[in-house]
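[1] for reference, the sequence and a predicted model appear below.
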Amino acid sequence: AETVGGYTRAVIARRIATRVLEGAEIFEAVMAMKEELHHEAGTIVPIGSLEEIDRGEVSVEGEIVELWEPSCRSMQQVGLIEDGTGMTKFTSWKASRQPMVREGEWVRFRAVAKNWFQGRCSIALTGWSRVVFPNRGQWWA
C-alpha cells in the first residue's frame, strides 16, 4: 500500500484475496496486484518504471537532486528527480504556474505529462499538475 499509494491496505488486501480465491498463489497475486496498480491513473509510480507505464500522465515522488538554468524563457525550472529506482529529468513551464522546488527537497509530482526526447523519458509539469511537499513545515525535515 505504501509503495503504490492511492489505495488503503484493506482495498489492496481484498483484491489480493480475491485473486488467491480464484486459484493464484499468494506471491503471484501480490505481484500481479502491484503491477496492476502501477498502471492505474493517480498511482505514484517508481521513476525507474516510467518507460513501462502506458499512459501519458503519471505521478511520481522523489528527491530533487539537481537543478540547472532553463534553456529557454518559457521554462521555469529544469532538473532531475530521483527515487531510488531511477532518475529522470523534469521541466516546469512558466505557463503552468507551479511552485518552485529546491535541491535536496522531497516532492510528489501529481498528474505530470510523460515526454520522450532522443529515446529518453522525462516529465513535465503542466497547469493540471500538482506539486506536494510532504516534508515542508515539519520540524524534523
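    Happy to help now that I have it.
[2] beyond the helix or strand of the chain with the lowest mean pLDDT, next helix or strand please.
    Least confident helix or strand of the chain, by mean pLDDT, DSSP states H and E, is helix 26-38 with a mean of 78. Following helix 26-38 in sequence order, the next helix or strand is strand 57-68 (DSSP states H and E).
[3] only the buried residues of the helix or strand just after that next one, if you could.
    Remark: after strand 57-68, the chain's next helix or strand is strand 75-82, criterion DSSP H and E. Across strand 75-82, burial judged by 16 or more other Cβ atoms under 10 Å covers 76, 77, 78, 79, 80, 81, 82. C-beta coordinates here come from the backbone N, C-alpha and C atoms, glycine included.
[4] can you check stretch 61-73 too?
    Residues of stretch 61-73 classed as buried by neighbour count (16+ other Cβ under 10 Å): 61, 62, 64, 67, 70.
[5] show me what contacts the residue nearest to the spatial centre of the chain?
    Residue closest to the average C-alpha location in the chain (Cα atoms, centre = their mean): residue 60, at 1.1 Å. With contact set as Cβ atoms under 8 Å, 6 or more residues apart in numbering, residue 60 has these partners: 44, 45, 46, 47, 50, 81, 83, 88, 108, 109, 112, 123.
[6] as TSV, those residues with pLDDT and distance to residue 95 would be great.
    Below are these laid out as TSV (pLDDT from 0 to 100; distance: Cβ to Cβ, whole Å):
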residue	pLDDT	distance to residue 95
44	83	25
45	84	25
46	88	29
47	92	24
50	88	23
81	97	20
83	95	26
88	96	21
108	92	21
109	94	17
112	93	14
123	96	16
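[7] got the residues you listed as CSV, with distance to residue 136 columns?
    What follows is these, written out as CSV (distance: Cβ to Cβ, whole Å):
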residue, distance to residue 136
44, 18
45, 23
46, 23
47, 21
50, 25
81, 16
83, 18
88, 22
108, 11
109, 15
112, 19
123, 21
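[8] secondary structure class for the residue lying farthest from the centre of the chain?
    In the chain, residue 23 marks the outermost C-alpha relative to the chain mean, sitting 32.0 Å out by Cα atoms, centre = their mean. Under DSSP: H, G, I helix; E, B strand; the rest coil, residue 23 falls in the coil class.
[9] nothing else from me, thank you.
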